[in-house]
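# Below are the sequence and a predicted model for it; my questions follow.
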Amino acid sequence: MMAESRPVYVTLADEIAAGIRGGTYRSGERLPSVRALARARAVSVASALAAYRYLEERGLAEARPRSGYYVHAARAPEAEAPRSPARRAQPRPVTGQELALSLVKAASNPAVVQLGAAVPDPSFLPTHAVGQVMAQVVRSQRSRIAGYEMSPGAPELRRQIARRMIEAGCMLSPDELVVTSGCQEALTLALRAVTEPGDIVALESPTFYGLLQVVDALGLQALEIPSSADTGMSLEALELALDRWPVKACVTVPNHSNPLGFRMPDDAKRRMLRLLARYRVPVIEDDVYGDLGFDSPRPLMLMAAGEGAEILHCSSVSKTLSPGLRVGWIAPGRHQARVEYLKYVSDIATGTADQITVAEFLASGRYDRHMRTVRRQYGDAVARMREDVVRLFPAGTRISRPTGGFVLWIELPEAIDTVDIAYRALEADISIAPGPLFSASGKYRNCMRLSCARPRDARLQDALARLGAMVAG
């Protein structure tokens, strides 16, 4: 009795599966389109589609809406999340931020593999589309872009930002927004509006080192509140700190924080706002990563949650469109007039061409199309680098599990000094961000942050292998 012949689609699926196992197609990479596969293998479109569906059933491929089929992203070997720091908090001046300047300089050096600064590689940004829009703006608005667009900023840009915030549940008008030169300036203006030199500011620990530099430059004291890599700022520790210290402001990154990557649960956001409202402490919300969630709807903004707290909302397009555009914004609430004045005396105005370019990009729908693609790209990049770190770094390494953004927080065995590693890595043309940069008091000596927004090419693989060897000693 003759054996039954195997269906064409099964044979085809087995060939693709062999390519996946052999490394021809890597985890998370796009597979040939159904039509391209049918042409290449001289089979019907129906057989090619059946082969991909068969691979889906076996867990080797995954379909993505309007994008095609991809090699199923292999789950990284399990690694524990970094531990939360001790809960005792005491206000202190910011120290030890000198190394940050080396990171900033390294970020503009093409010879250095950029893993330190949280600046996306141009391949993750819509550089061509942004350039097209800017060229149109330059041609059509020559006289306008030659002058200042005074605070509060270009009305068409404020209209587009207000529309997006209304869609996210924040009821505000364009007149309640001030355009800034990036989110860093927005945070600076927010702190200047609600504090005086010597005041105490509560913030997450670890936190973005750029915020610590602002706190330092304004003569404020940082009160570090322990934060979990899963749920964010400890509300119990925050309440204890508010009981003990005269806190004048609280700064938080509740959505896909930098460096831990957590998304604070909605109920925790509301509880935090009620707590801060009870103590009459304004909260400054840094939402620069809010649009960059990997696999969920846009998370709740604090401003949309309300709960009676005074909220100053800050964001920018630096992580989504272009860090070079230097366009951010702040919704300062009752501090509108003060923030407009502070903006004027600090740098007069944000670039006119940049503001109009962002406004046009948002209005055209190109921003939303880009975000649908780049969220997945960032998620894949983070997952792949997490796999590499688990494979290349010493046993006992703990790694964050970000819900969005593009950075990883890594906790190494206690004996490893990441400041030393950072200097050695720079000598080898690799930049990292050592843990002490993310603390006012120099904690996290055995931790580092890596930026994952880089193409996974041979240069990156070599840099990670060398970095793993340095860490392993």
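Everything's here; your move.

# Neighbours of T195, how many?
Residues lying near T195 (other Cβ atoms under 10 Å) number 21. Every residue, glycine included, has its C-beta placed from N, CA and C.

# Next up, identify which helix or strand the closest residue to it other than its chain neighbours is on.
Distance criterion Cβ to Cβ, 6 or more residues apart in numbering; nearest residue to T195, sequence neighbours excluded, is K248 at 4.9 Å. Element membership for K248 (DSSP states H and E) is strand 247-252.

# Next SSE downstream of that strand?
Counting by DSSP H and E, what follows strand 247-252 is helix 266-278.

# Not counting its own residues, what contacts whichever helix or strand comes after that next one?
Next in sequence after helix 266-278, counting helices and strands by DSSP H and E, comes strand 283-286. The contact list for strand 283-286, computed with Cβ atoms under 8 Å, 6 or more residues apart in numbering, reads 183, 187, 190-191, 194, 208, 211, 249-254, 272-273, 276, 301-303, 309-315.

# Give the burial count for the closest residue to P436 other than its chain neighbours, as a bare number.
Closest residue to P436 apart from its sequence neighbours, by Cβ to Cβ, 6+ apart: G442 at 4.4 Å. As a burial measure, G442 scores 15 neighbours (other Cβ under 10 Å).

# Select the longest helix from the chain.
For the chain, the helix with the greatest residue count under DSSP state H is helix 366-392.

# who does the helix or strand that that helix is followed by pair up with?
Next helix or strand after helix 366-392 toward the C-terminus (DSSP H and E): strand 398-399. Take DSSP bridges as the rule and strand 398-399 pairs in its sheet with strand 407-411 (antiparallel).

# Can I get the strand holding K248 in CSV, CA atoms only?
Included here for strand 247-252 are C-alpha records, laid out as CSV according to Å, rounded to 0.1, in the frame of the first residue of the first chain:
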residue,chain,number,x,y,z
VAL,A,247,7.6,68.2,49.9
LYS,A,248,6.8,71.0,47.4
ALA,A,249,6.4,68.9,44.3
CYS,A,250,6.4,65.3,43.1
VAL,A,251,7.8,64.3,39.7
THR,A,252,6.8,61.0,38.1
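
# Now do that strand: which elements does it pack against?
Helices and strands touching strand 247-252, by 3 or more Cβ pairs under 8 Å, 6 or more residues apart in numbering; DSSP states H and E, are helix 182-194, strand 200-205, strand 283-286.

# what does the average pLDDT come to for the longest one?
Here the mean pLDDT over helix 182-194 is 98, rounded to a whole number.

# One more: stretch 230-240?
94.

# Might you list the low-confidence residue ranges for the stretch 251-400 of the chain?
For the stretch 251-400 of the chain, the stretches with pLDDT under 70 are 296.

# related to what we said a few turns ago, what is the longest helix of the chain packed up against?
Checking 3+ Cβ pairs under 8 Å, 6+ apart, helix 366-392 ends up next to helix 127-140, strand 398-399, strand 407-411, helix 458-472.

# how about a cut-off of 7 Å?
Other elements packing on helix 366-392 under the criterion 3 or more Cβ pairs under 7 Å, 6 or more residues apart in numbering; DSSP states H and E are strand 398-399, strand 407-411, helix 458-472.

# tilt between it and strand 407-411?
Interaxial angle of helix 366-392 relative to strand 407-411 (axes from the mean of the first three to the mean of the last three Cα atoms, to 10 degrees): 20 degrees.

# Mind listing what's buried along helix 366-392?
By neighbour count on 16 or more other Cβ atoms under 10 Å, the buried set for helix 366-392 is 366-367, 370-371, 374-389, 392.

# Kindly report the same for stretch 419-435.
Across stretch 419-435, burial judged by 16+ other Cβ under 10 Å covers 419, 421-422, 425-426, 430-435.

# Which helix or strand contains A363?
Assigned by DSSP H and E, A363 belongs to helix 352-364.

# okay, the angle between that helix and helix 127-140?
Angle, helix 352-364 to helix 127-140, by the same axes, to 10 degrees: 120 degrees.

# who touches helix 352-364?
Residues outside helix 352-364 that contact it (Cβ atoms under 7 Å, 6 or more residues apart in numbering): 130, 133-134, 137-138, 141, 144-145, 147-149, 153-154, 156-157, 160, 179, 317, 321, 325-327, 367.

# How about stretch 179-186?
Stretch 179-186 has contacts (Cβ under 7 Å, 6+ apart) with 152-154, 157-158, 189, 210, 286, 288, 314-316, 318, 326-330, 343, 347, 350, 355.

# Can I get it as CSV, trimmed to CA atoms?
Output of stretch 179-186 as CSV, limited to C-alpha atoms (Å, rounded to 0.1, in the frame of the first residue of the first chain):
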residue,chain,number,x,y,z
VAL,A,179,5.2,74.8,23.6
THR,A,180,8.7,74.1,24.9
SER,A,181,12.1,73.1,23.5
GLY,A,182,11.6,69.4,24.4
CYS,A,183,10.4,67.7,27.5
GLN,A,184,13.5,68.6,29.5
GLU,A,185,12.6,72.3,29.2
ALA,A,186,9.0,71.5,30.1
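
# residue boundaries of the helices in the stretch 101-250 of the chain?
127-140, 142-145, 155-167, 182-194, 209-217, 235-244 (DSSP state H, counting those that start in this stretch).

# any idea how far E414 lies from A337?
Plainly put, E414 is 50 Å away from A337 if you go by Cβ to Cβ, to the nearest Å.
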